[in-house]
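S.K.: I need the structure of the sequence given here:
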Amino acid sequence: MSSTIHLSYYATSFVWLQKSVEMGDAPSKAFLASYFLYRGARAAAAGVAEDAARGFELLRQAFAEGFSKAFFQIAQCYLHGVGVEKDAAHAVSLLRQAAGHGDEETPRAQAALALCYKDGVGVEADTVQAALWCQRAADSGYAIAIEMLPIIRTCDFCGTTPARQHCERCRKVRYCDAGCQAGHWKRETDPHKRHCRRRAPEASEEGTAPGGGGGGGGRGRPNLPMGSQFSEE
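M.R.: Model (predicted):
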């Protein structure tokens, strides 16, 4: 009985959302977009065929008309290629903006941005930025970010969390201490020295001083014998 009621609700909501859209209501355009973007119970209940391009256009209109919450969803469309050509780099640019909007979608944007930095999607992998954005989302109480944070801060050598230090040379791996860094650098199977490349100079990201260091302020960055560097956050 409960599932039947929910399906009926979705069908009824779709009808009223369409009426609100015809009246020019921007939030309704964003909500209606979800019926076209994703196949699921609500779309099936309303008898709506998937039309991602139309869903994306509704989101674009909603944001243009002042509904800021649609911005995060637009970024997600670019990130996954839903309703628009996939462009991960543009998605990251949009997520950075969404992460500073200060609305209900801000923590979600921050967590999505953290994953992009963690996995190197649309941006060069950077474990420092990944942890920074995930921490901001977690500080807002966003449950997914709270679950993600220990994973992002896992030592790439021994698996311990939280690992609060990172390779300053590439900023792509994390360690508990210099011992794990040294072990990872020269281990026989897939050593880090095979992949570590110094990052090209770039403009600093929000929350990070030029030159990197994850807020370490220059602390704990001795030159190590294997030619890499080590930084503590």
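
S.K.: Low-confidence regions, the chain specifically.
M.R.: The model of the chain has pLDDT under 70 over residues 1-7, 39-47, 200-233.

S.K.: Just give me the longest helix of it.
M.R.: Secondary structure of the chain per DSSP state H: the longest helix is helix 2-22.

S.K.: And that helix, what does it pack against?
M.R.: When contacts are defined as 3 or more Cβ pairs under 8 Å, 6 or more residues apart in numbering; DSSP states H and E, helix 2-22 packs onto helix 26-37, helix 41-46. For the C-beta atoms, the positions are set from N, CA and C on the backbone; glycine is no exception.

S.K.: so is D156 in a helix, a strand, or just coil?
M.R.: Put simply, D156 is coil when judged by DSSP: H, G, I helix; E, B strand; the rest coil.

S.K.: my bad, should have said R136
M.R.: Look at R136: counting by three-state DSSP, its state is helix.

S.K.: pretty sure it is in contact with Q110, am I right?
M.R.: Yes. In this structure, R136 is within contact of Q110 by Cβ atoms under 8 Å, at 4.9 Å.

S.K.: which residues touch the residue nearest to the spatial centre of the chain?
M.R.: Residue closest to the average C-alpha location in the chain (Cα atoms, centre = their mean): A112, at 1.5 Å. Residues in contact with A112 (Cβ atoms under 8 Å, 6 or more residues apart in numbering) are 72, 75-76, 79, 95.

S.K.: State the pair within those that is farthest apart.
M.R.: Maximum pairwise distance among the contacts of A112 (Cβ to Cβ): 10.3 Å, between F72 and L79.

S.K.: Please identify which of these two sits among more neighbours.
M.R.: F72 (26 against 22; other Cβ atoms under 10 Å).

S.K.: mind listing what's buried in stretch 10-24?
M.R.: 10, 13-14, 17, 20-21 (16 or more other Cβ atoms under 10 Å).

S.K.: any common contacting residues for F72 and L79?
M.R.: Common neighbours of F72 and L79 (criterion: Cβ under 8 Å, 6+ apart): 95, 112.

S.K.: mind listing the helices for the chain?
M.R.: Counting by DSSP H, the chain has helices at residues 2-22, 26-37, 41-46, 52-64, 70-80, 88-98, 106-119, 127-139, 143-152, 178-186.
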